[in-house]
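Peer 1: make a model of this:
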Amino acid sequence: MTGKFITIEGSEGVGKSSNIAFIESYLRDVGKEVLLSREPGGTRLGEAIRTLLLDTDNRGMCSDTELLLIFAARAQHLDEVIRPALAAGKWVICDRFTDATYAYQGGGRGIPESRIAILEQWVQNDLQPDLTLLLDMPVAAGLARARKRSRPDRFEQEKQVFFERVRKAYLRRAKEYGARFRVVNAEPALARVEAQIRDILDAILDS
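Peer 2: Numbers count the residues shown, from 1 in each chain. This is a model prediction of the structure:
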């Protein structure tokens with residue numbers, strides 16, 4: 001029996017961490033074996049790559065280097081963590097996956113989607129999430145939340161127009177891949193966001 005692969009997407013400040021904790025708790029309560037992971041990261045090698053990508057000292061990193069590092073971390077993540085967990089019947093919840101690459105490196109950096117797609121096919125073959133939750137809210141409000149949270153990393157230091165492009169790319173993918181995407185309004189109070197997510201998870205569990 002294979003598990004389910006659920007990815008959580010969204011730009012800065014949309015509350016991914018809080019909602020991932022809710023999703024994990026909800027699925028465990030109904031008896032699912034859950035594995036949490038994140039991208040870039042999820043493995044020892046992937047976390048080392050994550051450090052390189054987020055380090056503000058690496059502002060000179062070119063877009064192609066950034067893209068290739070992300071997929072290098074993803075290849076290790078899939079081989080070491082995600083595929084074995086799914087094969088063991090676990091429900092994998094991943095904080096960002098390839099949709100983030102299309103949003104940040106495609107929409108944000110302007111890398112053509114056709115180039116990202118080549119790497120996606122090479123690294124993933126036909127593996128796609130069973131469900132992608134896109135936590136969405138206006139960019140200005142999300143950035144205001146993020147700036148209260150911690151010192152900005154290399155991505156968080158980008159200008160608002162960058163994140164507007166990211167959001168637009170996310171919403172475009174949600175429309176294009178509507179069979180697996182569910183858009184969640186992340187702007188209300190946390191309890192209302194959780195209620196939206198609960199309804200989505202219930203539909204998956206009942207299917």
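
Peer 1: this protein: strands as residue ranges?
Peer 2: Applying DSSP state E to the chain gives strands spanning 5-9, 34-38, 91-95, 131-136, 181-185.

Peer 1: deepest of the ones you listed, which one?
Peer 2: strand 5-9 (a mean of 25; mean count of other Cβ atoms under 10 Å). Every residue, glycine included, has its C-beta placed from N, CA and C.

Peer 1: give me the phi and psi angles of the spatially most central residue of the chain.
Peer 2: Closest residue to the average C-alpha location of the chain: R96 at 1.4 Å, with Cα atoms, centre = their mean. Recorded main-chain torsions at R96 are phi 80, psi 150, according to degrees, to the nearest 10.

Peer 1: which ones are touching it?
Peer 2: Counting by Cβ atoms under 8 Å, 6 or more residues apart in numbering, R96 touches 7-9, 16, 38-39.

Peer 1: closest to A73 out of the residues you listed?
Peer 2: Each of these was checked against A73 using Cβ to Cβ; the closest is E39, at 6.8 Å.

Peer 1: the closest one against D99, yeah?
Peer 2: No - in terms of Cβ atoms under 8 Å, E39 does not count as a neighbour of D99; the distance is 10.2 Å.

Peer 1: show me the shaky parts of the chain.
Peer 2: Along the chain, the model assigns pLDDT under 70 to residues 1.

Peer 1: show me where it has helices.
Peer 2: 16-29, 44-54, 63-77, 83-87, 98-101, 113-124, 139-149, 160-176, 190-206 (DSSP state H).

Peer 1: how about those helices in CSV, adding distance to R182 and mean neighbour count?
Peer 2: Compiled in CSV, these are given as follows (distance: least, Cβ to Cβ, whole Å; neighbours: other Cβ atoms under 10 Å):
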stretch, distance to R182, mean neighbour count
helix 16-29, 12, 16
helix 44-54, 26, 16
helix 63-77, 22, 19
helix 83-87, 20, 16
helix 98-101, 12, 24
helix 113-124, 21, 14
helix 139-149, 18, 15
helix 160-176, 8, 17
helix 190-206, 5, 14
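
Peer 1: mind checking which of the ones you listed is nearest L133?
Peer 2: Distances from L133 to each of the helices of the chain were compared by Cβ to Cβ, and the smallest falls on helix 190-206, at 6.6 Å.

Peer 1: contact partners of the closest one?
Peer 2: Taking contacts as Cβ under 8 Å, 6+ apart, the residues outside helix 190-206 that touch it are 4, 15, 18-19, 22-23, 26-27, 30, 130-131, 133, 135, 182, 184-186.

Peer 1: next, the angle from it to strand 5-9.
Peer 2: Regarding helix 190-206 and strand 5-9, their directions subtend 160 degrees when assessed with axes from the mean of the first three to the mean of the last three Cα atoms, to 10 degrees.

Peer 1: can you tell me how far A72 sits from W122?
Peer 2: A72 sits 11 Å away from W122, going by Cβ to Cβ, to the nearest Å.

Peer 1: good, wrapping up.
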